[in-house]
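A.B. asks: All I have is the shape, not the residue letters:
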C-alpha cells in the first residue's frame with residue numbers, strides 16, 4: 001500500500017468515529033506517539049538507518065496526521081485539554097524527525113500499512129470483553145483488568161503488533177520471566193502470584209480471541225458500508241483448513257449469510273471459541289459458489 005493510500009484509510013476511519021471513540025483513540029495515539037518520538041530521537045542521535053527506521057518514520061507521520069485529523073474534529077476545549085506540551089529541545093527533535101520523514105517518504109512509499117484504526121475503534125467501543133461474557137471468566141476479566149487488557153490491545157493493534165507481542169504488553173516483568181522459564185516450579189510460582197494472566201500462553205489466548213472478535217466486527221462494518229454503495233454483499237465464514245481446525249469451524253467454512261443475519265447455528269461471526277482462527281470475508285452471489 002502506498003503512503004498516501006494508508007493516510008486516506010486512516011482519515012476515513014477517523015470520519016467514522018463518534019466523539020467518545022475519537023477521545024479514546026486520540027489518547028492511545030498520543031501514547032504511541034510519545035513512544036515513537038523517544039525511539040526516533042535515539043535513532044537520530046545514533047544516525048542509524050535501515051528498514052526498521054523507515055517503518056518507524058512512516059508510522060510516526062501517520063500517527064501525527066491522524067492526531068491532527070481527530071483534533072480538528074473534536075470540540076476546541078477537548079483539543080486544548082488533550083494538547084501535550086513539550087520542552088524546546090523536544091520540539092526541535094520532533095521538527096527534525098518530521099523533515100526526515102518528509103524527505104524520506106519516497107523510500108517507504110511502497111511498503112506502508114495503515115494504522116488499523118477501524119479495529120482499534122471496535123476495541124474502544126466494546127462495553128465488555130468477549131471472554132468476560134463466559135461464566136468462568138466473568139470475574140477474571142471484569143473491571144480494571146478488562147479495561148487494561150483492552151487498552152493494551154488497542155495500542156498493539158494500531159502499531160501492527162502480533163498477538164504474541166501484544167500478549168507481552170499484558171504481562172508484568174515477573175510474569176514474562178516465569179513464562180520464559182516454564183517448568184513445574186515456574187508454573188507453581190506463576191499460580192502463586194494469583195494474577196489475572198498466569199503466563200504468555202494465557203495472555204496470547206486472550207489476545208487472539210479478542211482480536212478475532214474485533215477484526216470480525218470491523219470487517220462486517222466495512223461490508224455494510226460497501227453494500228450501501230453497491231448492494232449485494234454477503235458475509236462468508238472462512239476457516240483455516242488444517243489438522244487443528246475443529247469440526248464446528250469446519251462445518252461453517254464457506255457458509256454464506258446476509259450481513260445482518262446469523263450463520264447456520266445462530267452464530268453471527270467468529271470467534272466460535274477461544275483461539276479461533278476463523279475470519280469473515282466478503283462474498284457476492286455473482287462470484288459463483290463459495291469455496292469449501
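C.D. replies: Nice, thanks for sending it over. What you see is a predicted model; the values in this text were computed from it and never measured.
A.B. asks: Look at residue 228 and say how many residues are nearby.
C.D. replies: 9 (other CB atoms under 10 Å). (Glycine included, C-beta is placed from N, CA and C.)
A.B. asks: Helix or strand for it, just tell me which one.
C.D. replies: When elements are defined using DSSP states H and E, residue 228 is found to belong to helix 200-229.
A.B. asks: buried stuff in that helix?
C.D. replies: For helix 200-229, burial by neighbour count (16 or more other CB atoms under 10 Å) applies to 200, 202-220, 223, 227.
A.B. asks: helices and strands around it, which ones?
C.D. replies: helix 117-125, helix 143-158, helix 163-170, helix 173-181, strand 233-238, strand 279-284 (3 or more CB pairs under 8 Å, 6 or more residues apart in numbering; DSSP states H and E).
A.B. asks: mind redoing it with 6 Å?
C.D. replies: helix 117-125, helix 163-170, strand 233-238, strand 279-284 (3 or more CB pairs under 6 Å, 6 or more residues apart in numbering; DSSP states H and E).
A.B. asks: quick one, it and helix 143-158 angle?
C.D. replies: 60 degrees (axes from the mean of the first three to the mean of the last three CA atoms, to 10 degrees).
A.B. asks: for the helices and strands packed on helix 200-229, which one ends up most surrounded?
C.D. replies: helix 117-125 (a mean of 24; mean count of other CB atoms under 10 Å).
A.B. asks: In this protein, where is pLDDT below threshold?
C.D. replies: When residues are selected by pLDDT under 70, those of the chain lie in 40-41, 43-53, 76-111, 127-145, 172-200, 292.
A.B. asks: how about the helices and strands packed on helix 200-229, which one is nearest residue 265?
C.D. replies: Residue 265 lies closest, by CB to CB, to one member of those: strand 233-238, at 10.2 Å.
A.B. asks: Show residues contacting the closest one.
C.D. replies: By CB atoms under 6 Å, 6 or more residues apart in numbering, the residues outside strand 233-238 that reach it are 223, 226-227, 252, 255-257, 259, 263, 279-283, 290.
A.B. asks: can we see that at 10 Å?
C.D. replies: Residues outside strand 233-238 that contact it (CB atoms under 10 Å, 6 or more residues apart in numbering) are 216, 219-220, 222-227, 249, 251-261, 263-264, 267-270, 272, 277-285, 287, 290-291.
A.B. asks: Relative to residue 63, how far out is residue 113?
C.D. replies: From residue 113 over to residue 63 the distance is 13 Å, taken as CB to CB, to the nearest Å.
A.B. asks: Which one of the two is surrounded by more residues?
C.D. replies: The neighbour comparison of residue 113 against residue 63 (other CB under 10 Å) goes to residue 63, with 22 against 13.
A.B. asks: By neighbour count, which bits of the helix or strand containing the more buried one are buried? Give me those.
C.D. replies: In this assignment (DSSP H and E), residue 63 forms part of helix 51-73. Neighbour counts over helix 51-73 (16+ other CB under 10 Å) mark 53-54, 56-67, 69-71 as buried.
A.B. asks: on contacts alone, who are the packing partners of that helix?
C.D. replies: Contacts defined by 3 or more CB pairs under 10 Å, 6 or more residues apart in numbering; DSSP states H and E place helix 51-73 against helix 3-15, helix 19-46, helix 76-81, helix 88-103, helix 105-108, helix 117-125, helix 143-158.
A.B. asks: One more pass at 6 Å, please.
C.D. replies: Contacts defined by 3+ CB pairs under 6 Å, 6+ apart place helix 51-73 against helix 3-15, helix 19-46, helix 105-108.
A.B. asks: got the angle between the first one and helix 51-73?
C.D. replies: So the one you mean is helix 3-15. Using the same axes, to 10 degrees: helix 3-15 against helix 51-73 is 40 degrees.
A.B. asks: what does helix 3-15 rub up against?
C.D. replies: Contacts of helix 3-15 (CB under 6 Å, 6+ apart): 62, 65-66, 69-70, 105, 109, 112, 114-115, 117-118.
A.B. asks: can you do 7 Å?
C.D. replies: 58, 62, 65-66, 69-70, 73, 105, 108-109, 112-115, 117-118, 121 (CB atoms under 7 Å, 6 or more residues apart in numbering).
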